[in-house]
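# 3D, please:
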Amino acid sequence: MIGRSRRRVNSTFGRFTRAAGALGRSFGHIWRRSLQLRVVVSTLVLSFVVLLILGFVLISQITDRLLDVKLAAATEEIDRARVAVERDLSTADRNMSVQNRLRQTRSLLTDRDADSAQSSGAVGTFDTVLLLNGSNASAASGVGPIDEVPATLRDMVQGGQVAYQYTSVSDGRGGHQPALIIGSPTNASVSGLELYLVFPLTNEQNTVDLVRGTLLTGGVVLLGLLAAIAWLVSRQVVLPVRSASRIAVRFADGRLKERMPVRGEDDMARLAMSFNDMAESLSKQITHLEEFGGLQRQFTSDVSHELRTPLTTVRMASDVLYEGREDLDPVRKRSVELLDKELDRFETLLNELLEISRHDAGMAELAAERMDMGIPIDGALATVRHLAEDTGTELVLDLPDEPVIAEIDPRRVERILRNLLANAIDHGERRPVTLTMRSDGDAVALTVRDQGIGLRPGEEKLVFNRFWRSDPSRFRRSGGTGLGLAISIEDARLHQGRLEAWGEPGNGACFRLTLPLVRGHKVLGSPLPLKPVGSATRNPGTRAGRSGSPSTGADDV
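Residues are numbered from 1 along each chain as shown. The predicted model follows:
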């Protein structure tokens, strides 16, 4: 039973903690995002601190002033009371007991107290205590509320001093009230007589409470007004900033005609004009770049198409010469072989220029069909196997035992893998290259991993740029054009997939292709990590073959 109760308490505390944490995170999110909230809260906090200090100083000054006035009036009053006591006791009947004489004198002082209360507002009402020195404050030693007189005050009065002390006394209703007690020795006919006047500070306390309440109410009202003022003032600054932010977002989305409204001639108006000038300049530059890019793409497309006719003619002539090369002398034979090789490379470049121009124009089409992913893998391996044999590069396959079926364009996927494998062989430093494939039911991922020179920080994005090379002086065995990875990433996007790169200097590179198994589905994750967890090794139970992984990604193929 106790265990269940404890678990119930722990569960309730856990829910409360989670709710508090969620509330704190929500407030922190709003605090970070809202400039206006930070300005208002900061203004309120600083104003609260200032009002707190000001209120403390005012209350202290008012309290000290009231007590000083009360003390001055009490000092004057005890001087008059001492003279009255000495005169009354000197004329009193000597046959009366000391106690009765003290009562009579106290009665006279009480009557004077009533008269003083009516004539002087500073003194107010007070009570009188007459004590005999050395009597230990017993009931027969004096008259009045003798228990209210502090012992420390009596010690000072008995030493011949006029002294006072702030303390609390009974209010006659079972409670206590603040009071000022002032005492003085006397030279009355009764030896060792001490005079004490008890001044209740109820009026002063009420005055301080009234001032404190007034300051508190005024402070709350002032904080509310300051919050409203801070909100209005910050709003005048925040609204143009928010407007600029919204317009900047729309401008970044391609709505180049967006502009900030200009109102007045203040700083925000100048900011709006500067923003509009910047937007106008950017709009013109973007338009010029788009026009230039369009002309460049059109030029590439036109030149590529126009070159196909003379290239076909040259190819036919080259084929005739190449078939009869055995009848030529060695110099001419070598020239014909070089001509045939360079024509092959030129034809590849021309085809890739046409392909990239189709992607630029949005005319590339995806001929997707449902098939085994092993088909484009085998096609890519067959194309690059001679490159691996020429360089002595070991190609390793790490594929699942069961076939992976996906809706793909086999020609484009094979081209992607062929580019990645050839690129890996070029930059793999003759070390093993691994092709890995995994599927999670939603997507299929293929990684090409090499152990070559790697990528420097930032180059994992540059490798997909057209004609980009990390080291232009490096020898290219594959005869690549520099457009392979640029076309590959466009082919991956056409499948609504992703092509990504990773690399470290001296630790090789890894390229990962992630494609949806069903055409049109969005790729949310990947079955394989982009950063390899270890070096590639041949795993028992996997399909072994000859495959390649990207090199450093330093060049495109």
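
# all strands of the stretch 351-500 of the chain, in order?
Along the stretch 351-500 of the chain, counting by DSSP state E, counting those that start in this stretch, strands occupy 369-372, 395-398, 405-408, 433-439, 443-449, 498-503.

# Now do the first one: distance to the chain's middle.
Centre-to-centre, strand 369-372 and its host chain are 46 Å apart (CA atoms, centre = their mean, to the nearest Å).

# Direction included, what does that strand pair against?
strand 405-408 (antiparallel) (DSSP bridges).

# contact partners of the strand it pairs with?
Strand 405-408 is contacted by residues 368-373, 376, 439, 444, 495, 515-519 when judged by CB atoms under 8 Å, 6 or more residues apart in numbering. Every C-beta, even on glycine, is put in place using the N, C-alpha and C of the backbone.

# Please pick the buried ones from those.
368, 371, 373, 376, 439, 444, 495, 515, 516, 517, 519 (16 or more other CB atoms under 10 Å).

# Out of these, which is nearest to residue 258?
residue 495 (33.8 Å; CB to CB).

# What score does that closest one have for pLDDT?
Predicted confidence (pLDDT) for residue 495: 88.

# Skipping its backbone neighbours, what lies nearest it in space?
In this structure, residue 495 finds its nearest non-sequential neighbour in residue 515, 5.0 Å apart by CB to CB, 6 or more residues apart in numbering.

# Identify the bridge partners of the one you found.
Beta-bridge partners, per DSSP bridges, of residue 515: residue 444.

# Hmm, residue 353 and residue 308 touching each other?
No. Counting by CB atoms under 8 Å, residue 308 sits too far from residue 353 to count as a contact (10.5 Å).

# Between these two, tell me which one has more neighbours.
residue 353 (19 against 15; other CB atoms under 10 Å).

# what comes into contact with the strand ranked longest in the chain?
Looking across the chain with DSSP state E, the single longest strand is strand 176-185. Residues outside strand 176-185 that contact it (CB under 8 Å, 6+ apart): 67, 70-71, 74-75, 78-79, 82, 148-150, 153-154, 156-158, 160-171, 193-202, 204-205.

# buried stuff in it?
Those would be 178, 179, 180, 181, 182, 183, 184, 185, for strand 176-185 by 16+ other CB under 10 Å.

# any idea how the chain splits into domains?
20-249, 276-360, 369-516 (automatic domain parsing).

# Columns distance to residue 531 on top of those, output as a markdown table?
Below are the domains of the chain laid out as a markdown table (distance: least, CB to CB, whole Å):
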| stretch | distance to residue 531 |
| --- | --- |
| domain 20-249 | 30 |
| domain 276-360 | 28 |
| domain 369-516 | 5 |
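
# Residue 256: which of those is closest?
So among the domains of the chain, domain 276-360 is nearest, using CB to CB, at 4.2 Å.

# on that earlier part again, quick one, which of the domains of the chain gets closest to residue 265.
Here domain 20-249 is closest among the domains of the chain (CB to CB), at 13.6 Å.

# Now do the closest one: distance from first to last residue.
34 Å (CA to CA, to the nearest Å).

# start at 462 instead
Yes, from this point I'll number from 462; that puts the last item at domain 481-710.

# quick revisit: take the contacts of strand 637-646 and keep only those in strands.
Reading strands off these with DSSP E, I get 624-631, 654-661.

# So of the residues you listed, which two are at opposite extremes in space?
629 and 654 (25.7 Å).

# got the end-to-end distance for stretch 654-670?
38 Å.
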